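Enquirer: the amino acid sequence is not available; the structure is as follows:
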């Protein structure tokens, strides 16, 4: 199971998150998702680097988006639950071991064309291959 | 019984001069680092290989109907230059309170000049986002780190001499 899969599994298995968006935490930007149902969230990797000193260690940066057709309050409630489930938690399986944390607070946007309220936050994974 | 420690004023003065040397060195490193990051951002939002018409012919690669990276093997956050407004709206700066040990630099976009920048970075339901700021920072993060390490090292070496 990859870093991507483990992040998604961890978040959607959280009872609070599931109560808000069920399993609609898509592992891709929303524009890539066919017929998304709102409210929902998604995440996508931006980049990253291997560690300069330690073999098999590195970090990845990714963004989390939360989408609401209602208002920003709903988006923040979902984001708060997601953050509580993921921030600074050690995630591990037979293939990877890592800690992810928020590195940039959410910024807001409202799409006047579609009426979407959405947030985007910056996150980082510090990864150790096992 | 007590002990008199002599020469503390000399030690304090030396610590002060060391701090000044650190500040002098690291202010230069900070300026150079912000320029490095600024150049990376500028490069990543100045692609001229595809015009709007060319992107349309490719099937609108950033659109919801068929998002794909028009530059296979390259980062997904690259942005094509159209009017030049995005580059023109770039802003950067540094701040450092002497003696604080905190050095801050930034590169960003002035949204009053390019209000669409937020849509480019965050995307929309119908268009993939291209976070060229974080992507550019990832590209130069190691180089900036190394420059600060070397700057500190040089400051220490010069104080010893």
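Expert: Now that the structure is in, tell me what you want to look at. Being a predicted model, the structure only gives us computed values, none of them experimental.

Enquirer: any part of the lengthiest helix in chain A near chain B?
Expert: For chain A, the helix reaching the highest residue count under DSSP state H is reported as helix A:72-86. No. Helix A:72-86 is not in contact with chain B by Cβ under 8 Å from any Cβ of the partner chain; minimum separation 12.4 Å. The way it works is simple: take the backbone N, C-alpha and C, and place the C-beta from them, glycine included.

Enquirer: I'd like the average pLDDT over the following helix or strand past that helix.
Expert: Using DSSP states H and E, the helix or strand that directly follows helix A:72-86 along the chain is strand A:89-92. Strand A:89-92 shows a mean pLDDT of 90 in the predicted model.

Enquirer: before we move on, what about stretch B:19-33?
Expert: Here stretch B:19-33 scores 88 as its mean pLDDT.

Enquirer: the longest helix of chain A - contacts with which helices or strands?
Expert: Applying 3 or more Cβ pairs under 8 Å, 6 or more residues apart in numbering or on different chains; DSSP states H and E, we find helix A:72-86 packed against helix A:3-12, helix A:15-21, strand A:40-50, strand A:57-68, strand A:96-111, strand A:116-129.

Enquirer: can you classify residue B:95 by secondary structure?
Expert: With DSSP: H, G, I helix; E, B strand; the rest coil as the basis, residue B:95 sits in strand.

Enquirer: within the helices and strands, which one has the spatially most central residue of chain B?
Expert: Nearest to the geometric centre of chain B sits residue B:37, at 3.5 Å (Cα atoms, centre = their mean). Using DSSP H and E, residue B:37 sits in helix B:8-44.

Enquirer: how about that helix and chain A, any contact?
Expert: No. If you take Cβ under 8 Å from any Cβ as the test, helix B:8-44 misses chain A, and the best it gets is 11.0 Å.

Enquirer: for chain B, give me the ranges with low pLDDT.
Expert: For chain B, the stretches with pLDDT under 70 are B:1, B:50, B:52, B:55, B:57-68, B:70, B:72, B:159-161.

Enquirer: repeat the analysis, applying 80 as the threshold.
Expert: B:1-5, B:14-18, B:48-74, B:98-99, B:101, B:156, B:158-161 (pLDDT under 80).

Enquirer: excluding its backbone neighbours, what's nearest the closest residue to chain A within it?
Expert: Distances between chain B and chain A by Cβ to the nearest Cβ are smallest at residue B:138, namely 3.8 Å. The spatially closest residue to residue B:138, leaving aside those adjacent along the chain, is residue A:47, at 3.8 Å (Cβ to Cβ, 6 or more residues apart in numbering or on different chains).

Enquirer: brilliant, that's me finished.
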